[in-house]
Each structure stands twice: as structure tokens, then as C-alpha cells.
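Asker: fold the stuff below for me.
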Amino acid sequence: DEDKDLFVHIACFFNYQKVEKVEKHLAESFMDVRQGLHVLVEKSFIFIDRGIIKMHSLLAQLGRDIVRK
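Answerer: Model prediction:
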């Protein structure tokens, strides 16, 4: 699922990064990064504050644990 993959990428690499940077880096890997970010915001997995993507530390840890399995 693309939303799950985007969640994991943010948890591992892009927490506390600018939205523009994330969109630029992931544009080739995901169909619509902006829409994916919107979905994650609506599901409360991330929030965007002043153009910075933020994820709670426990959710970020969950994302890293998913990768390890």
C-alpha cells in the first residue's frame, strides 16, 4: 500500500523535514506525494507545521519497527 510505504519513508528518513524536500525526493517513487501526505495528515499519522512534516516519536518508532521485520 502506497500510504504505508510513504509513512515508513517519513518515519525513517523525513521526520522534521520540509514538505518541499520530501516531495522532491519521493516524486519518482510515489504517484502523488502531496495526496499521500494529505491522507497521512487526515489519519493523524503526521502533521505539518509551518511547512515541516512532523511525526510523533512513537509513530516514528513504529515505522522503523515495520522496516526491521
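Asker: which residues sit against the longest helix along the chain?
Answerer: In the chain, with assignment by DSSP state H, the single longest helix is helix 57-68. Outside of helix 57-68, the residues within contact range by C-beta atoms under 8 Å, 6 or more residues apart in numbering are 4, 7-8, 10-12, 15, 45-46, 55. For glycine as for every other residue, the C-beta is placed from the backbone atoms N, C-alpha and C.
Asker: go again using 10 Å as the cut-off
Answerer: Residues lying outside helix 57-68 but in contact with it, judged by C-beta atoms under 10 Å, 6 or more residues apart in numbering, are 4-5, 7-13, 15-16, 40, 44-46, 54-56.
Asker: show me where the protein has its helices.
Answerer: All helices of the chain, identified by DSSP H, fall at 2-9, 19-26, 33-42, 57-68.
Asker: contact partners for His25?
Answerer: When contacts are counted by C-beta under 10 Å, 6+ apart, His25 touches 9, 13-14, 17, 33.
Asker: just the buried ones from these?
Answerer: Judged by neighbour count, with 16 or more other C-beta atoms under 10 Å as the criterion, the buried members of these are 9, 14, 33.
Asker: list the contacts of the second one.
Answerer: By C-beta under 10 Å, 6+ apart, the residues touching Phe14 are 6, 21-22, 25-26, 46, 53, 55.
Asker: hang on, the earlier thing: with distance to Lys69 and pLDDT added, can I get the buried ones among the contacts of His25 in a markdown table?
Answerer: A markdown table is the format used below for those (distance: C-beta to C-beta, whole Å; pLDDT from 0 to 100):
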| residue | distance to Lys69 | pLDDT |
| --- | --- | --- |
| His9 | 16 | 97 |
| Phe14 | 20 | 97 |
| Val33 | 25 | 95 |
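Asker: got CSV for these, with distance to Leu62 too?
Answerer: Supplementary listing: those in CSV, determined by distance: C-beta to C-beta, whole Å:
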residue, distance to Leu62
His9, 14
Phe14, 15
Val33, 21
